[in-house]
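Engineer: Kindly return the folded structure for what I paste below:
(chains A and B)
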Amino acid sequence: MILIQLSYFAAAVLFILGLKRMSSPKTARGGIVWAGAGMVVATIATFFMPDMHNYGLMLLAILIGGGAAWYTGKKVAMTDMPQMIAIYNGMGGGAAAAIAAVELLKGTFASQSFLTLAVLGALIGSVAFSGSMVAFAKLQGLMKKSFLFPGQQKINMVVFAAALVFGLILISSGSTGGFPLFMFFALALAFGIMMTLPIGGADMPVVISLYNALTGLAVAFEGFVLGNAAMIIAGTVVGSAGTLLTQLMARAMNRPISNVLFSGFGATGGEASAEDAGGTMKEIDASDAAVMMAYASKVIIVPGYGMAVAQAQHKVWEFCKLLEEKGVTVKFAIHPVAGRMPGHMNVLLAEAGVPYDKIYDLEEINAEFPTADVALIIGANDVVNPVARTDPNSPIYGMPILDSDKAKNVIVVKRGRGTGFSGIENALFYLDNTRMLYGDGQEVAGKLIQEVKQL
Amino acid sequence: MIEGFTALYIFMLAAFTGYEVIGRVPVILHTPLMSGSNFVHGIVLVGAMVAMGHASTDLERFIGFLGVMLAAGNAVGGYVVTERMLEMFKSSKEPAK
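Structural biologist: Numbers count the residues shown, from 1 in each chain, chains lettered A, B, ... in the order given. Just a heads-up that it's a prediction; the model follows:
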């Protein structure tokens, strides 16, 4: 027994050190290995807990769950990472709820406070589970629309209140399972679904991060119930770290968390942006664009999700290397919410082999745009829309943007003339120093490479 | 069992630890870190195993089985995805393999 406790202690230490290492790019790769070692130690130790049964079934469950996750995790494309995080996170929440369900069915609790914690953990875990599944379905494109109907928030509140009532019944009756237990879980799961349905795709990262924090909290609560220190510490650490991460993300998007949760994006505003952007869009072809950049001294590239969808990051990096051979300084400017999640674009660029010291944050790069000869915008839209600085009526007003409009020239690579993810007209496209280069990101990058080689 | 105020103290200290650890993380690492913390709460596997190990009725066994399966998915999936993301972080001084 003392050995098991020691292994849990070691696991908790390894988790914290691992997370610490993961918060710096230099040591990040080692961090996950440390945390992984902690997990293996704790899992093996658990097999030696006294008075345990059902080992065969347990191994089978681990093989099925772990095997399926291993396979999908290895196979998934980097662009699809966010929804995978959502689904794995949901599984964790579901597991916490399952622990609570088993304990509540048994109904033997050392004290009333443990029973309360079990119920709370079950509620949070269930919401994180069903909510994450909806988030997954939305990001995966299985579910396209945001479901909005009048009085939705009120109905959601009623469902939540009903779940709480059944939770209280469980606590006061000492939980012997049966009807209240069933209703409690059904309502909690329903609430998770209903709460996530109205939230738009652009806000999903914040929501996933929030569910991640909630799962951590649920795990910590069930850890108290089972008297398991490793679960308490790991769960609480994730709970608080996840809350902080959620805040950082929400701040990067200039969307208070309450806004994300309680208003469907695009349902408000929209018509306010009807103010005519004025002017016309001016086109440029690939050869002119290539000449412009090859003879520039500094080019800042602003990649967006459009580039990732076109799988253009490898071609873009190849193009950058050609420019660098010609003595051009090339930098990448990443908006905090470029891609689908903060940091997602960095991962995608890293996949293409772009070293991270060429990649700059919004705060680092914004002062440099006026000195750049060309800002090349590939598949980004809302994050470079100057309306966010100028038009208080715009739904994105106040969101920090990359000041690419201040560069001497702007080249926008775009598939068509449509608006971005948020459906807001982009004033940048109509500026005098902006040229539009229409085409699929990968094709355009390919053409640019050809043209630069011929110079 | 960890009870009463001891539990509360552990909770408080762990919460501050989480906050401090993430405190000054660069934006570039937000997604990997979210994924990493997602892996860490995969420790729920340990609890699911205990719950299943002590299950005595068929219903408890069934729910326990689901729990262990989900928890294993959380832990393994979280690890694989995080590792794949972090593998890609290298500086220009350290050329690609």
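
Engineer: most centrally placed residue in chain A?
Structural biologist: By C-alpha atoms, centre = their mean, chain A has its centre lying nearest to A:P205, at 3.3 Å.

Engineer: count of residues packed around A:A161?
Structural biologist: For A:A161, the neighbour count with other C-beta atoms under 10 Å in any protein chain shown is 11. For glycine as for every other residue, the C-beta is placed from the backbone atoms N, C-alpha and C.

Engineer: Please identify the helix or strand for it.
Structural biologist: Assigned by DSSP states H and E, A:A161 belongs to helix A:152-173.

Engineer: Distance from the helix or strand just after that helix to the middle of the chain?
Structural biologist: Moving toward the C-terminus from helix A:152-173, the next helix or strand (DSSP H and E) is helix A:179-196. In this view, helix A:179-196 has its centroid 25 Å away from the chain centroid, taken as C-alpha atoms, centre = their mean, to the nearest Å.

Engineer: And the pLDDT at the residue lying closest to A:A12 once chain neighbours are set aside?
Structural biologist: Counting by C-beta to C-beta, 6 or more residues apart in numbering or on different chains, A:A12 lies nearest to A:I233, which is 4.3 Å off, once chain neighbours are set aside. Listed pLDDT for A:I233 reads 94.

Engineer: picking up where we left off before, for the helix or strand encompassing the residue nearest to the centre of chain A, buried residues please.
Structural biologist: Secondary structure from DSSP H and E places A:P205 in helix A:204-226. Neighbour counts over helix A:204-226 (16 or more other C-beta atoms under 10 Å in any protein chain shown) mark A:204-226 as buried.

Engineer: again with stretch A:312-320
Structural biologist: Under the neighbour-count criterion of 16+ other C-beta under 10 Å, stretch A:312-320 has A:312-313, A:315-320 buried.

Engineer: for stretch A:133-147, same thing?
Structural biologist: With burial defined by 16+ other C-beta under 10 Å, the residues of stretch A:133-147 counted as buried are A:133-139, A:143, A:146.

Engineer: Just the ones of the residues you listed in strands?
Structural biologist: Using DSSP state E, no member of the buried residues of stretch A:133-147 falls within strands.

Engineer: for chain B, longest helix please?
Structural biologist: helix B:58-86 (DSSP state H).

Engineer: From the contact counts, what lies against that helix?
Structural biologist: Helix B:58-86 is packed against helix A:28-46, helix A:55-75, helix A:81-106, helix B:30-40, helix B:44-53, with contacts defined by 3 or more C-beta pairs under 8 Å, 6 or more residues apart in numbering or on different chains; DSSP states H and E.

Engineer: The lowest-mean-pLDDT helix or strand in chain A and chain B, any residue contact?
Structural biologist: Every helix and strand of chain A was ranked by mean pLDDT, DSSP states H and E. The lowest is helix A:257-262, at a mean of 75. No: judged by C-beta under 8 Å from any C-beta of the partner chain, helix A:257-262 makes no contact with chain B; its nearest approach is 15.1 Å.

Engineer: Neighbours of residue 18, how many?
Structural biologist: Answering for chain A, as no chain was given. Neighbours of A:G18 (other C-beta under 10 Å): 27.

Engineer: sorry, should have said chain B
Structural biologist: Residues near B:G18, counting by other C-beta under 10 Å, number 29.

Engineer: buried ones in the longest helix along chain A?
Structural biologist: In chain A, assigned by DSSP H, the helix with the most residues is helix A:112-139. Buried residues in helix A:112-139, counted by 16+ other C-beta under 10 Å: A:114-139.

Engineer: now stretch B:20-27
Structural biologist: If you call a residue buried by 16+ other C-beta under 10 Å, then stretch B:20-27 has these buried ones: B:21-22, B:25, B:27.

Engineer: got the residues you listed as CSV, with pLDDT and secondary structure columns?
Structural biologist: Converted to CSV, the buried residues of stretch B:20-27 look like this (pLDDT from 0 to 100; DSSP: H, G, I helix; E, B strand; the rest coil):
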residue, pLDDT, secondary structure
B:V21, 85, helix
B:I22, 80, helix
B:V25, 77, coil
B:V27, 70, helix
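
Engineer: Of the residues you listed, which are in range of chain A?
Structural biologist: Checking the buried residues of stretch B:20-27 against chain A (C-beta under 8 Å from any C-beta), the matches are B:21-22, B:25, B:27.

Engineer: out of these, which one sits closest to A:D285?
Structural biologist: Distance to A:D285, by C-beta to C-beta, is smallest for B:V27 among these, at 34.8 Å.

Engineer: is it true that the closest one touches A:P342?
Structural biologist: Yes: checked against C-beta atoms under 8 Å, the pair B:V27 and A:P342 is within contact range at 5.4 Å.

Engineer: Now the common contact residues for these two.
Structural biologist: Common contact partners of B:V27 and A:P342 (C-beta atoms under 8 Å, 6 or more residues apart in numbering or on different chains): A:248, A:252, A:336.

Engineer: Helix or strand for A:F332, just tell me which one.
Structural biologist: strand A:329-334.

Engineer: so how far is that strand from its chain's centroid?
Structural biologist: 23 Å.

Engineer: helices or strands next to it in the packing?
Structural biologist: On a contact count with 3+ C-beta pairs under 8 Å, 6+ apart, strand A:329-334 meets strand A:298-303, helix A:313-325, helix A:344-352, strand A:359-361, helix A:362-365.

Engineer: Contacts for the shortest one next, please.
Structural biologist: Defining contact as C-beta under 8 Å, 6+ apart, one finds that strand A:359-361 is touched by A:331-334, A:336, A:346, A:349, A:368, B:26-28.

Engineer: quick one on the thing from earlier: now flag whichever of the buried residues of stretch A:133-147 is closest to A:V384.
Structural biologist: Using C-beta to C-beta, the buried residues of stretch A:133-147 come closest to A:V384 at A:L139, 23.1 Å.

Engineer: contacting residues for the residue positioned nearest the centre of chain B?
Structural biologist: By C-alpha atoms, centre = their mean, the mean C-alpha position of chain B lies nearest to B:V40, the distance being 1.8 Å. By C-beta under 8 Å, 6+ apart, the contact set of B:V40 is A:15, A:18-19, A:35, A:216, A:234, A:237-238, B:78.

Engineer: again, but for A:K447
Structural biologist: Counting by C-beta under 8 Å, 6+ apart, the residues that A:K447 touches are A:286, A:290, A:439.

Engineer: Tell me how many other residues crowd A:L17.
Structural biologist: By the other C-beta under 10 Å criterion, the neighbourhood of A:L17 contains 17 residues.

Engineer: Would you mind listing the buried residues in the host helix or strand of it?
Structural biologist: A:L17 is part of helix A:2-22, with elements assigned from DSSP H and E. Neighbour-count burial for helix A:2-22, with 16+ other C-beta under 10 Å as criterion, is recorded at A:4, A:7-8, A:10-12, A:14-22.

Engineer: So which residues make contact with it?
Structural biologist: A:27-28, A:30-39, A:41-42, A:44-46, A:48-49, A:228-230, A:233-234, A:237, A:241, B:17-18, B:21-22, B:29, B:32-33, B:36-37, B:40, B:43, B:46, B:82, B:86.

Engineer: Can you say which of these are buried?
Structural biologist: A:27-28, A:31-32, A:34-36, A:38-39, A:41-42, A:45-46, A:228-230, A:233-234, A:237, A:241, B:17-18, B:21-22, B:29, B:32-33, B:36-37, B:40, B:43, B:46, B:82, B:86.

Engineer: ok, back up a step: for the helices and strands packed on helix B:58-86, please prepare TSV with the additional fields distance to A:G398.
Structural biologist: What follows is these, written out as TSV (distance: least, C-beta to C-beta, whole Å):
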stretch	distance to A:G398
helix A:28-46	32
helix A:55-75	37
helix A:81-106	24
helix B:30-40	21
helix B:44-53	39
